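Just the structure for this:
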Amino acid sequence: MKKFCALALSVFCLFGCSGGDGGSSSGGGDVNPNVTPTPVVSENFRLNFGPFGGTQVVDTIYVNTPATGTGAVSVQLDNQNRDATQARATEEEESTTPCRDLPRHLCEKEESQMKEAIQKRASGVTADEVQPKFEEIPVGGDFNFFVVGSGTVTCRKVLPENATTHCSIFAEVRNGVPVVDQARAQSFADAWDSNNPFKPGGGIYDQVRAFYGSEWTVNGGRDGDSKVVLVYCSSATMGAGLFGFFRPSDEFLKSEVSTSNEGEILYLNADKSDFDILATMAHEFQHMVRFNMKLIQQGSFAGEADNDTIDEGASIHAEELTGYSLTAPGGGNTFMFQAANAYLGAASTFNLFGDFNGSLKFYGGGYLLVKYFHEAFGDNAFIQFNTNTAIGYQNMVNVSGLSSSELFRRFSLALLASPFTGAVPAEARFGSGFTTEDTFDIRTLGQVSLQGLQPAQVFNPPSNAGAVDVKAFSPTLVRYQGGSGNDLIVEGTVNGFLTIQSVFETALENVAFTDVNTIDSGGFAREDTEGSADDTSDNTQASAYTNPVAPIPDSFKWKVDGIFPSSR
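Predicted coordinates for the structure are as follows:
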């Protein structure tokens, strides 16, 4: 946890208009191409943070939430009395870390086939075929599954149906022998049905459904069975880096997708540890459930698939909710840790909801956002978010009751300030007490710490000039440190819709957060050297603060200019 504390100058500044609160979803269709983009407004600003030196740090977060979900806002900075800069953080290299789901290049053909099938359904081109009944296959019976990336794979039924409640279990046959024996298969079935070893009191199946909804169950779903099919394959078939996957194409008829296995099916890598297999079962089942709640809708196929980042974040959070967390007995979840850490190191470099490419940073950002939303707004809101038919970040916004900029501001602030000690406001905390710099005992990694939100640019000491590009839905942190004790004055020009919040940090445990400036009739709140701290006119908001290191001005005020509405 960070040892310095937070004394915040909560400078909440808006550029543009409320039309910028539309949210974004690359896969979920949030963005309406017929909506006129937010007008671009050029604004100058001046922030005087007062005497700044010693161990003080000023962190300023810039957040851009445009209606179109694309584009970057350029911020030109003039930082007085500083003489050096560090380079902007670079884009995270593509990760080679093993992944929960199919790589993107294998998904492209699958997605194309599904889109074609959905279009046929919309045109009334469907067929009433008899689906295979997996429950009717006897123990020892074989079924040839199409496995993405490998083709047809012969799998054998390992357990009798009377040994399971909510699953039918098959295992790939290699050299005449299933890759999972009956004893191990029974342990997986027990964890799925009723006795999850990492969250006692129930099974993974019901624990996921309690928060996320259900898979396609009406008339037994695509296969007509009441159980989910769990198929365990070898690494030779699935690939050593893949833990497992849910294949949406299986929810269509063979007449629609020729390689469909026609059922509610999860594919798991039998060569992984039992912990990772069980965590992956929870992760992939969330995908199956979400695909039904959002698109299939119990056989009507009337909806749309959710945004990829939201879907993956919800699946990692499903691992956490079923006990496969960062603090699990015997060691925390390696994949979860690596994903969260990847996002914290690269959050400023990409649009969280755009151009999903399957890299860890998207998984980690989605997880941290979904986790924050659940812990900030509670179980009922979280369940509503998962089980309604709406999709994307805009669904999260609507359920929260906030604007998209306000919700993303709170999330971004929690990424920065959750490790701080002292009187941090609740909105800047994760409800569970989790912080973005916590230390965990992680399986395969040992004692490791999350790196916290990393700055896009550091001024140390701040120079006379600088710039930062704020991508859409990208918490962009600019850090000032190493001051000489003179006033820290930041002047700049912004083009576009932007939210700014600054946080004063000090090694001393004397912290105070001011109220966030909510502008309901102004384009920007800027320093006003005229007037008094008691000025309560419509155009002035006073923000007193305490600086425990150096003398401070008597008041710290912001003048509101413009005619733009509040973000709340």
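
In contact with the most centrally placed residue in the chain, which residues?
Taking Cα atoms, centre = their mean as the criterion, residue 366 is the residue nearest the geometric centre of the chain, at 1.2 Å. Listed by Cβ atoms under 8 Å, 6 or more residues apart in numbering, the contact partners of residue 366 are 309, 310, 311, 312, 313, 314, 316, 352. Where C-beta positions appear, they are placed from N, C-alpha and C, glycine not excepted.

Can you select the buried ones from the residues you listed in ChimeraX?
Buried subset of the contacts of residue 366, written as a ChimeraX selection, criterion 16 or more other Cβ atoms under 10 Å:
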select :309,310,311,312,313,314,316,352
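
quick one: which of the contacts of residue 366 is nearest to residue 53?
residue 352 (35.2 Å; Cβ to Cβ).

That closest one is in contact with residue 365, isn't it?
Yes - using Cβ atoms under 8 Å, residue 352 is in contact with residue 365, at 4.7 Å.

Check what pLDDT residue 253 gets.
pLDDT for residue 253: 93.

is it fair to say it lies in a strand?
No - Residue 253 is assigned coil when assessed by DSSP: H, G, I helix; E, B strand; the rest coil, not a strand.

and residue 380, how many residues sit next to it?
If you count neighbours by other Cβ atoms under 10 Å, residue 380 ends up with 9.

How about the contacts made by it?
Applying Cβ under 8 Å, 6+ apart, no residues contact residue 380.

isn't there a helix covering it?
Yes - the assignment for residue 380, made by three-state DSSP, places it in a helix.

quick revisit: in space, what's closest to the residue nearest to the centre of the chain - neighbours in sequence excluded?
residue 313 (2.5 Å; Cβ to Cβ, 6 or more residues apart in numbering).

what pLDDT, on average, does the helix or strand harbouring the one you found get?
Under the criterion of DSSP states H and E, residue 313 resides in helix 308-321. The average pLDDT for helix 308-321 rounds to 97.

What ranges does the chain have for its helices?
For the chain, the helices defined by DSSP state H occupy 104-122, 182-193, 204-212, 235-238, 274-291, 308-321, 334-346, 360-387, 392-400, 404-417.

just how off-centre is the second one within its chain?
Here helix 182-193 shows a centroid-to-chain-centroid distance of 31 Å under the convention Cα atoms, centre = their mean, to the nearest Å.

elements contacting that helix?
strand 167-174, helix 204-212, strand 228-233, helix 274-291 (3 or more Cβ pairs under 8 Å, 6 or more residues apart in numbering; DSSP states H and E).

burial count for the closest residue to residue 342 other than its chain neighbours?
Sequence neighbours aside, residue 360 is the residue nearest to residue 342 in space, at 3.9 Å (criterion: Cβ to Cβ, 6+ apart). By the measure other Cβ under 10 Å, the count of residues near residue 360 is 22.

Would you reformat the contacts of residue 366 as TSV and include distance to residue 449?
Formatted as TSV, the contacts of residue 366 follow (distance: Cβ to Cβ, whole Å):
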residue	distance to residue 449
309	25
310	27
311	28
312	23
313	22
314	25
316	19
352	23
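
thought residue 318 was touching residue 210?
No - if you go by Cβ under 8 Å, residue 318 and residue 210 don't touch, sitting 10.5 Å apart.

When these two are compared, which one has more neighbours?
Higher neighbour count among residue 318 and residue 210: residue 318, with 28 against 13, using other Cβ under 10 Å.

and the nearest residue to the more buried one once chain neighbours are set aside, what does it touch?
Nearest residue to residue 318 in three dimensions, chain neighbours excluded: residue 286, at 3.9 Å (Cβ to Cβ, 6+ apart). By Cβ under 8 Å, 6+ apart, the residues touching residue 286 are 208, 212, 311, 314, 315, 318.

Now for the second one: which residues touch it?
Translated: residue 212. Going by Cβ under 8 Å, 6+ apart, residue 212 touches 286, 289, 290, 293, 314, 318, 383, 386, 387.

just the fifth one next, same as before
Residues counted as contacts of residue 315 (Cβ under 8 Å, 6+ apart) are 100, 282, 283, 284, 286, 287, 290.

re the thing from before, which among the contacts of residue 286 gets closest to residue 417?
So of those, ranked by how close each gets to residue 417 (Cβ to Cβ), first place is residue 314, at 24.4 Å.

Tell me, how many residues neighbour residue 416?
26.

can you pull the pLDDT of it?
So, for residue 416, pLDDT stands at 93.

Is it in contact with residue 477, as I believe?
Yes - between residue 416 and residue 477 a contact is recorded at 6.4 Å, counting by Cβ under 8 Å.

Now list whatever residues contact both of the two.
59, 61, 453.

Where does pLDDT dip in the stretch 401-550 of the chain?
Across the stretch 401-550 of the chain, residues meeting the criterion (pLDDT under 70) sit at 496, 506-550.

Identify each of the strands in it and give its residue range.
Remark: strands assigned in the stretch 401-550 of the chain by DSSP state E, counting those that start in this stretch are 439-442, 446-449, 457-459, 466-471, 476-481, 484-495, 498-506, 524-527, 540-542.

quick one: pLDDT of the nearest residue to residue 214 once chain neighbours are set aside?
The shortest distance from residue 214 to any non-neighbouring residue, by Cβ to Cβ, 6+ apart, is to residue 289 (6.1 Å). Per-residue pLDDT puts residue 289 at 98.

With residue 49 instead?
On the pLDDT scale, residue 49 gets 74.

What's the local residue count around the closest residue to it other than its chain neighbours?
Counting by Cβ to Cβ, 6+ apart, residue 49 lies nearest to residue 488, which is 4.2 Å off, once chain neighbours are set aside. Neighbourhood size, residue 488 [other Cβ under 10 Å]: 25.

Could I get the contacting residues of residue 273?
Residue 273 neighbours (Cβ under 8 Å, 6+ apart): residue 443.

Please apply the same query to residue 158.
So residue 158 contacts 139, 169, 170, 171, 178, 180, 181, 182, 185 (Cβ under 8 Å, 6+ apart).

Scan those and report the most crowded one.
Busiest of the contacts of residue 158 [other Cβ under 10 Å] is residue 169, holding 31 neighbours.

Contact partners for that residue?
Counted by Cβ under 8 Å, 6+ apart, residue 169 has contacts 157, 158, 159, 180, 185, 188, 189, 229, 230, 232.

Distance-wise, check residue 317 relative to residue 162.
34 Å (Cβ to Cβ, to the nearest Å).

I misspoke; the intended subject was residue 411.
47 Å.

So those two - more neighbours on which side?
residue 411 (24 against 7).

Report the contact partners of the more buried one.
With Cβ under 8 Å, 6+ apart, residue 411 has these contacts: 368, 369, 372, 373, 475.

next one: residue 374
317, 381, 382, 431.
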